[in-house]
Structures are given as structure tokens and as C-alpha cells.
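Trainee: sequence and predicted structure below; questions after.
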Amino acid sequence: MLSNHFENGMDMARLAWSRLPHSEDGELDGVGLLSTSSNRNGVESLDYEVIENYAYREEQAQRGKFFVGYNVAVKWFFALLIGIGTGLAAVFINISVENFAGWKFALTFNIIQKSYLAGFLMYILINLALVFSSVYIITHFAPAAAGSGIPEIKGYLNGIDIPGILLFRTLIGKIFGSIGSVGGGLALGKEGPLVHTGACIASLLGQGGSTKYHLSSRWLQGFKSDRDRRDLVTCGCAAGVAAAFRAPVGGVLFALEEVTSWWRSQLMWRVFFTSAVVAVVVRVAMGWCKSGNCGHFGAGGFIIWDISDGQEDYSFEELLPMAVIGIIGGLLGALFNQLTIYVTRWRRNYLHKKGNRVKIYEACLISVLTSVISFGLPLLRNCSPCPDSDPGSEIECPRAPGADGNYVNFYCGKDKEYNDLATIFFNTQDDAIRNLFSAKTIHEFSAKSLLTFLVMFYTLAVVTFGTAVPAGQFVPGIMIGSTYGRLVGIFTVNHYKKLNIDEGTYALLGAASFLGGSMRMTVSLCVIMVEITNNLKLLPLIMLVLLISKAVGDVFNEGLYDEQARLRGIPLLESRPNYVMRKMTAREACGNQKVLSLPRVVKVADAVSILRSNKHNGFPVVDHTRDGEPLVIGLMLRSHLLVLLQSKIDFQHSPLPSHSRSGSGAIRHNFSEFAKPVSSKGISIDDIYLSSEDLEMYIDLAPFLNPSPYVVPEDMSLTKVYNLFRQLGLRHIFVVPRASRVIGVITRKDLLIEEESEDSATMELQSTSVRDQRHKTRLLEENGADAERPLLNGLLVQNQRYLKGSFVIVFRDNGRNYSWYFVNFFNVVLVLSIYPIWYLYFCFSHFGTSSKTCFDMWTCNEVTLGDVDHTILNWQVTY
């Protein structure tokens with residue numbers, strides 16, 4: 001009977017420590033909440049660690065620097081595609097939303113000229129139809145597309161595999177659901193959904209498209225590993241923010257500050273490039289739409305809310321009211337987060353348990369309520385006379401019916417009157433914010449109207465948050481903050497009458513303060529606010545209110561996305577460990593767990609039994625020394641073991657270790673076969689059919705296990721384990737007794753390895769450039785090309801293990817200087833297609849422009865001394 005546990009006090013690894021040791025498959029409900037009894041059991045961790053098993057090393061050894069360059073080029077190409085795709089998706093959403101909203105308001109304004117009641121009913125019906133289409137798509141087609149999607153994407157980039165969030169149907173549901181929810185006038189935005197949209201596009205490109213809907217291409221299936229897909233999704237997140245706000249730098253900083261857990265300089269460049277591509281795509285689309293090709297979209301500039309002509313300077317006296325704005329933003333932002341927690345819990349525990357029909361009723365009811373408030377409250381407000389306009393002002397009062405701008409004439413008896421409450425209520429969110437930010441419109445809004453709008457819209461935003469529709473919180477947060485910011489600006493103008501104060505400036509600071517108090521972002525939010533308003537002069541003030549609002553909000557709770565991630569059962573590993581971990585060790589965290597392990601050569605029946613008995617995703621693999629003591633030799637992933645069981649090609653009759661690792665037929669699997677596609681949960685043990693004969697076979701796990709898992713001593717503090725686990729993106733850590741001997745100490749100097757000194761066993765490219773000396777030159781002049789064969793033979797013998805299936809390319813300058821390059825065989829077509837440019841590059845760089853050079857090509861199937869004498873191709877090229 002196979003023993004699966006370490007017993008009898010053996011000094012072995014006590015735990016394969018995992019973020020989720022007992023995870024089970026779960027599904028998302030209509031608002032993205034995990035529906036299992038224990039939310040944290042509904043997700044799995046991702047394998048961001050590179051499993052450097054024998055299959056991986058063999059595959060890497062056969063790849064040269066040409067493949068490395070090709071791989072880098074493909075990553076940049078994918079960044080380009082992500083930028084183009086996200087930019088086009090954003091343009092499509094904006095065109096649809098602006099045209100639906102523009103058509104809705106134009107039709108309503110035309111009808112209310114005859115009957116306000118008929119216009120009111122038409123307004124409600126249009127909004128209801130749009131919201132119904134959105135909630136129906138979510139509940140029946142793409143439940144994972146509900147909400148903003150940012151908490152789920154943040155969890156994914158933190159190492160959590162949440163089912164369904166990156167599927168093709170989620171992408172479609174996000175796009176069309178956002179059009180319905182935002183176009184239907186709900187107190188929601190489209191910025192969060194655009195981040196999710198960019199992430200979906202990036203993930204689908206990485207896996208080559210959607211196989212379920214027959215929209216895949218094997219030419220794009222280059223990045224199936226979780227590690228590569230993580231980088232692509234990061235680019236998609238930055239692209240989403242850049243597309244939503246037309247703020248490319250803000251998008252990069254948003255990805256860095258808010259959603260990613262691992263960052264490096266190479267990724268920074270690709271993320272920046274992706275955001276730049278998005279900006280170009282959106283700008284080109286807006287230029288094309290300016291001529292009227294896109295209806296209501298494209299009338300404005302690239303800057304969404306341009307207030308560059310606003311207040312240019314500020315005085316010391318204004319710092320106090322600006323600090324007050326920061327405090328208000330922190331308080332209202334923290335209150336908003338707490339209220340959304342209560343509402344979300346109530347929905348989860350009572351409302352959404354009753355099925356999709358209740359979710360549809362809820363969204364439709366909120367739509368009707370929002371329409372009644374936005375249409376009915378302005379009717380109760382008395383109109384105000386138009387202010388005296390400046391001679392050079394382009395602002396018209398009142399504005400033309402159905403047009404954009406300030407001073408809406410809504411239910412006013414006289415021509416030169418406007419309804420200030422309708423200017424922000426009965427309007428699109430972008431136009432309402434533009435009106436609140438507007439400069440040189442002092443006293444356009446009364447304090448009573450602003451306070452009414454603040455209370456009602458704040459309530460609507462809390463109630464609407466969590467409905468089964470795609471929903472963002474950036475724009476509603478900007479509207480809430482700009483309202484109380486302008487309210488503070490009114491009091492400041494009345495108190496400091498001698499100062500040149502613009503109420504629109506205070507509206508901008510209020511918007512920044514609320515977002516900082518709710519979302520707790522600083523650097524990225526600061527840059528985004530500058531980019532969307534084109535006012536760099538207010539940067540110090542924006543920084544001030546953001547710091548104050550974040551500090552105040554942190555006193556009460558965490559940021560909005562972190563709180564929502566906790567509600568969804570997403571176990572995020574934050575940047576800092578819990579304080580209590582300082583008092584714990586790794587052994588104490590393990591408890592009294594029994595570690596489930598596998599022998600090196602495992603019987604198929606035993607492997608199946610172990611996989612069926614638990615949901616663990618990693619197993620220590622144990623071998624025995626000559627003295628019979630157990631020895632941990634590596635980590636075997638559940639997904640890799642399932643691939644081996646399904647393929648059956650590595651089954652053997654003998655229970656003894658296989659020695660085929662040293663032979664050419666050792667590895668029958670491509671390393672990419674072990675990657676799990678993002679669109680499915682991978683292979684299940686129930687999906688594998690094994691006959692009775694198969695169950696009696698054995699598998700040698702040595703070539704496929706991870707021989708170098710991360711190991712920590714049992715008395716290491718849990719804080720250090722936490723930091724190691726998070727910073728390296730691990731899934732398992734072995735905890736072992738301290739008894740061991742030191743075989744060496746690695747310091748910084750040991751890691752500063754020059755490329756020239758790399759050992760041939762670790763080089764991905766075997767490229768050697770040799771400058772012969774005078775005695776070798778004479779030998780070449782006497783014997784011609786054959787004289788170089790001994791040198792080539794020695795070079796090939798040294799590298800024969802890594803040159804399998806490669807081309808040997810030789811450059812020679814009149815027998816004096818020569819250089820050999822080895823290019824992977826599968827790239828030969830590409831090499832030959834760009835041969836003239838490639839050839840001239842090496843000629844100029846190695847031999848100068850006046851050299852006569854020979855190009856000799858040998859093909860090496862299994863590189864040995866005998867193969868060198870077999871010349872397939874011999875080209876003489878003279879330039």
C-alpha cells in the first residue's frame with residue numbers, strides 16, 4: 001500500500017504551503033459574487049512561477065537568440081494589438097452611448113414642447129429599455145461581466161484564477177452591457193468596464209482567441225502561461241484607463257499603483273507603448289468623427305473636460321477651504337465605501353438568492369427611480385434669469401434645445417431663463433461634469449440646487465452600485481465630488497469677494513478629493529485629473545486634496561476595490577503582511593497538517609486515487625537515499641500530472657526510475673502542453689479514461705516535476721514567508737526542518753554575470769565569434785576553407801547538445817576573420833526572407849564594407865563530428 005504522508009517523525013518537508021490549500025471550483029453570480037458557501041473556496045491560484053523541469057530546460061536549450069528576439073517582437077506586436085483593440089472598443093462604446101443619450105434627450109426635448117407628461121413617459125421608457133437590455137445580457141449570457149471588473153482583475157494580477165472573468169462572452173457582455181447601463185442614465189460610469197474590456201482583449205489575444213466560438217488562430221497562441229498572460233492583462237488594464245479618460249500616462253500609473261502586484265522595467269515599456277497606441281487610435285477616431293460621421297460623438301476635443309482657461313493662480317487664503325474639500329472627500333468617500341458594503345451584503349443574502357428574474361426587476365426599478373428623479377426634481381425648481389454674458393463669451397444662455405452646454409431651459413416660462421438643476425440632472429454625465437467644471441460661470445448653480453443634486457445622486461450611486469449590470473465608479477465619483485467642491489467654491493467666492501476665484505476650480509478639487517477618499521489612489525489619480533482637464537497649474541492643489549482625503553479615508557476603512565474584493569471572496573495578498581504574522585513562524589502556520597506526497601515513480605492507480613481524494617494543486621515528490629531515508633526531490637503540479645495521465649505516452653511497466661532522461665527520446669511533451677487555457681478550468685480527473693491495464697502502469701515523475709521549489713526553514717517568521725510568497729508570485733512554499741549543511745554562499749557579485757562568461761549549459765544562444773591569430777591565418781591561406789573545419793568541429797562538439805535542428809552560418813573575410821552563428825531550424829524561412837538585410841548587417845558589423853565574404857550553411861539534425869562533414873548547402877555570395 002502506497003504511503004502518502006510523512007509519518008514517524010521524519011525530518012522532511014512539513015507543508016507545501018499554499019495560498020489556497022483547499023480550493024474548489026466555484027461560479028460567479030449575477031453581480032460577480034462567488035456563490036459557494038465559502039467564498040474563498042471558489043477560486044484557485046495561478047502558476048506565475050516558471051516550472052524549470054527537465055522538459056522546460058530541454059526546450060529552452062534548443063532555442064537560440066533568434067527565438068528570444070522573435071519572442072520579444074511578438075510581445076510588442078501583442079501590445080500593439082491590445083492598444084488597437086481596446087481603443088476601438090472604447091470608441092464603439094462612446095459612439096453608442098453618446099448617440100443613444102443624444103437621441104434620447106433630443107426626442108424628449110421635442111416632445112415636451114407639446115406635453116411634459118408625454119415627454120416624461122418617453123424618457124422613462126427609453127431608459128428602461130436600455131437598462132433592461134443590459135441586465136438581460138448579464139443575467140442570461142455573461143454573469144461575470146457585472147460590476148466594474150476591477151476587483152476581479154486586481155485579484156487575477158495578484159495571482160487568483162477567478163472563473164469566467166476573461167472569457168469572450170464576458171468581453172461581449174461588458175461592451176454591450178455598458179452601453180445599456182450608461183446610456184440608460186443610471187448613476188454608473190463606463191471606465192471600470194473599459195479596464196475589464198482591455199484585460200479580456202489582452203487575455204484572448206494571448207491564448208489565440210476563443211476556441212468555443214471558433215474565433216481562434218494558432219498564429220497568436222504564443223503566451224499560454226499564466227506568467228505571460230499576466231503581463232498582457234496588465235497592458236490591457238492600462239489601455240482601458242487610457243481609452244476611458246484619454247489619459248495614456250494615467251493609464252500606466254493606474255496599472256502600476258492599483259491593479260498590479262508585480263512590476264518590472266520591461267513591462268513598463270510595453271504598458272506605456274500600449275497606452276500610447278490607445279491614445280492614437282482614439283484621437284484618429286475622434287478626428288474622423290468630427291465631420292459628423294459618428295453622430296453626437298466627436299464634437300468635443302481630445303481632452304474630455306478642458307478647463308485650461310480657468311483659474312490660473314491661487315492665494316494663501318484659499319488653502320483652508322481647499323483643505324476642507326479634502327476632508328469632506330475623505331469622509332464622504334469612506335461613507336460611500338461602507339454603504340456599498342452594506343447594500344452589497346443585503347443583495348447577496350436576501351435579494352439575489354431568488355434568481356435572475358429578481359435581478360432584472362431590481363435593475364428596472366432603479367432605472368425608473370433614476371428617471372423620475374432626474375426628470376421630476378428639475379420641474380420643482382424655479383428657473384433663474386440668464387446672467388449678463390461677456391462680449392467674448394461663447395456660452396449661450398439658454399442653450400438651444402437638445403444641444404450640449406450650460407444653462408438648460410427646462411420648464412421655464414421665459415426665453416432668457418434656465419433651470420440650474422436640469423443643467424446637471426437632465427443631462428449626460430459627461431456634459432454635467434463639463435458644466436460643473438466650467439470656468440467663468442460664477443453663480444450658475446445655486447447652493448440649494450447643488451445640495452439637492454448631491455444628496456439625491458449620492459443616494460442613487462450607492463443604491464445602483466452592485467446591480468447586475470456593468471458599472472464603473474469613476475464618473476459618478478467625479479460628479480459627486482465636483483458638486484460639493486463647487487458648493488464650497490460658492491461659499492469661498494462669497495467670503496473672499498476681492499479674490500479672483502473660479503468655482504470650476506473647486507469643482508475639480510472636489511472631484512479629486514472624493515475619488516481619493518473612496519478609491520485611495522494618489523499618483524495615478526493625480527495624473528489622470530491633470531490629463532482630463534488640461535490644467536497643469538492646479539497640480540499642487542490636486543496633490544494636496546488627494547493626500548488629505550486618502551489620509552482621512554484610511555482612518556475608517558480600505559479602498560473601494562479592496563473592500564469589494566473582500567466581499568467577492570477574493571483573497572488578495574496585500575503589499576504589507578498583517579501585524580500578527582510577526583509573532584508567528586512558518587511551522588506554526590502549517591499547524592498539524594499531514595502532507596500528501598508522491599513517490600518519484602508512482603503507480604497510475606495510486607496517482608488517480610490521490611487526485612480523486614483531494615483538491616490540492618501541488619504535491620511534494622519523494623525519493624529515497626541509499627540509506628533508505630526519504631528525500632524531497634521536487635514539486636509536482638496537479639495540472640501537469642493530469643496531462644501525463646491523459647496522454648499516457650509516459651506510462652511504463654517497470655516501477656523503477658527511468659533513465660531515459662539522458663537519451664534523445666526523454667521528452668515527448670512540448671512544455672506549452674502543460675499550460676491551462678484561460679477559457680476553461682483545465683483537465684479534470686473525471687475527464688480522463690483509464691483502462692484496467694493503464695491503472696497497473698507506472699509514471700516516472702522526475703522529468704516533469706519542479707526540481708527547485710522554494711524552501712524555507714520552519715522557524716522563519718511568517719512575515720518573511722509572506723513577503724517571499726507575494727513578491728515572487730508563488731503558489732507553494734515548502735517548509736522544512738533547519739538541519740542541513742551549507743554548500744556555498746551567493747552574494748551580489750555572484751549574480752553579476754557577464755554574457756561572455758555564461759556557461760554553455762545555461763546559454764539560450766550558442767553564438768561564438770572567433771578572431772584567428774597569425775598562425776591560423778597562414779593555415780587558412782594555405783588550405784582554404786577546409787582549414788576551418790577542425791575549429792568548427794571543436795565548436796560543434798562543445799555545443800552539440802544545444803544545436804540539434806539548427807543551421808550553422810559561417811562568415812569569412814578572405815580567410816582572415818570568421819564568425820559562426822547558430823540559428824534555430826524552425827526560423828530558417830524567416831532568416832532567408834530577410835537574408836539581404838541580415839547579411840549586410842553582419843558584414844558591416846564584423847568585416848567592414850569592403851569585405852568579400854562567404855556564406856556556408858550546414859544543416860545539423862543530430863550534431864556530431866560525422867554530421868559536420870555532410871554538407872547540404874554551400875553558397876558563395878560576393879558583394
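Mentor: Great, that's in hand.
Trainee: outline the domain layout of this structure.
Mentor: Following automatic domain parsing, the chain resolves into domains at 15-19+583-736, 89-293, 316-402+416-567, 768-875.
Trainee: which of those has the lowest mean pLDDT?
Mentor: Ranked by mean pLDDT, the domains of the chain end with domain 768-875 at the bottom, a mean of 43.
Trainee: what are the boundaries of the helices in the stretch 151-300 of the chain?
Mentor: 168-183, 191-206, 226-245, 248-254, 265-288 (DSSP state H, counting those that start in this stretch).
Trainee: which one, of the ones you listed, ends up nearest to residue 522?
Mentor: Nearest to residue 522 among those is helix 248-254; the distance by Cβ to Cβ comes to 9.7 Å. Placement of C-beta: from N, CA and C, glycine included.
Trainee: what would that closest one look like as PDB? C-alpha coordinates only.
Mentor: Extracted in PDB, the C-alpha atoms of helix 248-254 (Å, rounded to 0.1, in the frame of the first residue of the first chain):
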ATOM      1  CA  PRO A 248      -2.200  57.400 -21.500                       C
ATOM      2  CA  VAL A 249       0.200  58.300 -18.700                       C
ATOM      3  CA  GLY A 250      -2.600  58.000 -16.200                       C
ATOM      4  CA  GLY A 251      -3.300  54.500 -17.500                       C
ATOM      5  CA  VAL A 252       0.300  53.400 -17.000                       C
ATOM      6  CA  LEU A 253       0.300  54.700 -13.400                       C
ATOM      7  CA  PHE A 254      -3.100  53.200 -12.700                       C
END
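Trainee: which outside residues touch it?
Mentor: The contact list for helix 248-254, computed with Cβ atoms under 8 Å, 6 or more residues apart in numbering, reads 237-243, 245, 268, 271-272, 275-276, 278-279, 521, 523-525, 527-528, 531-532.
Trainee: again, 7 Å this time
Mentor: With contact meaning Cβ atoms under 7 Å, 6 or more residues apart in numbering, helix 248-254 is reached by 238-239, 241-242, 271-272, 275-276, 278-279, 523-524, 527-528, 531.
Trainee: now swap in stretch 189-200 and tell me
Mentor: Residues contacting stretch 189-200 (Cβ under 7 Å, 6+ apart): 82, 86, 89-90, 93, 97, 148-150, 153, 166, 170-171, 174-175, 178, 182, 233, 236-237, 239-241, 243-245, 429, 470-476.
Trainee: out of the domains of the chain, deepest packed?
Mentor: domain 89-293 (a mean of 22; mean count of other Cβ atoms under 10 Å).
Trainee: quote the end-to-end distance of it.
Mentor: Start and end residues of domain 89-293 are separated by 17 Å (Cα to Cα, to the nearest Å).
Trainee: on that earlier part again, in CSV, list the domains of the chain along with distance to residue 303.
Mentor: Formatted as CSV, the domains of the chain follow (distance: least, Cβ to Cβ, whole Å):
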stretch, distance to residue 303
domain 15-19+583-736, 36
domain 89-293, 7
domain 316-402+416-567, 5
domain 768-875, 42
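Trainee: out of those domains, the one nearest residue 60 is which?
Mentor: domain 15-19+583-736 (8.4 Å).
Trainee: mind listing the strands for the stretch 51-200 of the chain?
Mentor: Along the stretch 51-200 of the chain, the segments classed as strands by DSSP state E, counting those that start in this stretch run 160-161.
Trainee: export stretch 571-586 as PDB, just CAs?
Mentor: Output in PDB follows, covering the C-alpha atoms of stretch 571-586 (Å, rounded to 0.1, in the frame of the first residue of the first chain):
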ATOM      1  CA  PRO A 571      -8.100  36.500  -1.100                       C
ATOM      2  CA  LEU A 572      -5.800  39.400  -2.100                       C
ATOM      3  CA  LEU A 573      -2.300  39.300  -0.700                       C
ATOM      4  CA  GLU A 574      -1.700  43.000   0.100                       C
ATOM      5  CA  SER A 575       1.700  44.700  -0.100                       C
ATOM      6  CA  ARG A 576       2.100  44.500   3.700                       C
ATOM      7  CA  PRO A 577       1.500  41.400   5.800                       C
ATOM      8  CA  ASN A 578      -0.700  41.500   8.800                       C
ATOM      9  CA  TYR A 579       1.000  42.600  12.000                       C
ATOM     10  CA  VAL A 580       0.100  39.400  13.800                       C
ATOM     11  CA  MET A 581       2.300  37.500  11.400                       C
ATOM     12  CA  ARG A 582       5.400  38.900  13.000                       C
ATOM     13  CA  LYS A 583       4.700  36.700  16.100                       C
ATOM     14  CA  MET A 584       4.300  33.500  14.000                       C
ATOM     15  CA  THR A 585       6.700  31.100  12.400                       C
ATOM     16  CA  ALA A 586       6.200  29.100   9.200                       C
END
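Trainee: list the buried residues of that stretch.
Mentor: By 16 or more other Cβ atoms under 10 Å, the buried positions in stretch 571-586 come out as 571, 572, 573, 577, 581, 584, 585, 586.
Trainee: of those residues, which is the nearest to residue 513?
Mentor: Distances from residue 513 to those, taken by Cβ to Cβ, are shortest for residue 572, at 25.4 Å.
Trainee: what about residue 549, distance to residue 566?
Mentor: 21 Å (Cβ to Cβ, to the nearest Å).
Trainee: again, but for residue 741
Mentor: From residue 741 to residue 566 the distance is 44 Å (Cβ to Cβ).
Trainee: kindly report the same for residue 470.
Mentor: 21 Å.
Trainee: again with residue 697
Mentor: On the measure of Cβ to Cβ, residue 697 and residue 566 end up 46 Å apart.
Trainee: again, but for residue 510
Mentor: Distance check for residue 510 against residue 566: by Cβ to Cβ, it reads 28 Å.
Trainee: again with residue 455
Mentor: 28 Å.
Trainee: try residue 169
Mentor: Taking Cβ to Cβ as the criterion, residue 169 is separated from residue 566 by 26 Å.
Trainee: with residue 304 instead?
Mentor: 32 Å.
Trainee: go on, residue 168?
Mentor: Counting by Cβ to Cβ, the gap from residue 168 to residue 566 is 28 Å.
Trainee: then residue 693?
Mentor: The gap separating residue 693 from residue 566 is 50 Å, by Cβ to Cβ.
Trainee: go on, residue 192?
Mentor: From residue 192 across to residue 566, the span is 17 Å (Cβ to Cβ).
Trainee: now do residue 206 against residue 230, distance only.
Mentor: For residue 206, the distance to residue 230 - Cβ to Cβ - is 9 Å.
Trainee: cool, residue 618 as well?
Mentor: Separation of residue 618 from residue 230 (Cβ to Cβ) stands at 19 Å.
Trainee: equivalent analysis for residue 499, please.
Mentor: Relative to residue 230, residue 499 is positioned 51 Å away (Cβ to Cβ).
Trainee: same question for residue 331.
Mentor: Distance from residue 331 to residue 230, by Cβ to Cβ: 36 Å.
Trainee: repeat that for residue 537.
Mentor: For residue 537, the distance to residue 230 - Cβ to Cβ - is 38 Å.
Trainee: ditto for residue 160
Mentor: Taken as Cβ to Cβ, the span from residue 160 to residue 230 is 11 Å.
Trainee: with residue 348 instead?
Mentor: 29 Å.
Trainee: next: residue 267.
Mentor: Taking Cβ to Cβ, one finds residue 267 at 9 Å from residue 230.
Trainee: max-length helix in this structure?
Mentor: Counting by DSSP state H, the longest helix found in the chain is helix 65-112.
Trainee: and that one, how far from the chain's centre?
Mentor: 16 Å (Cα atoms, centre = their mean, to the nearest Å).
Trainee: got it, and stretch 372-385?
Mentor: Using Cα atoms, centre = their mean, the offset of stretch 372-385 from its chain centre is 43 Å.
Trainee: and stretch 693-706, by the same measure?
Mentor: 36 Å.
Trainee: state the helix or strand in which residue 463 lies.
Mentor: helix 447-464 (DSSP states H and E).
Trainee: contact partners of that helix?
Mentor: Helix 447-464 has contacts (Cβ under 7 Å, 6+ apart) with 186-188, 336, 339-340, 343, 366, 370, 373, 377, 381, 420-421, 424-425, 476, 479-480, 483-484, 486-487, 490.
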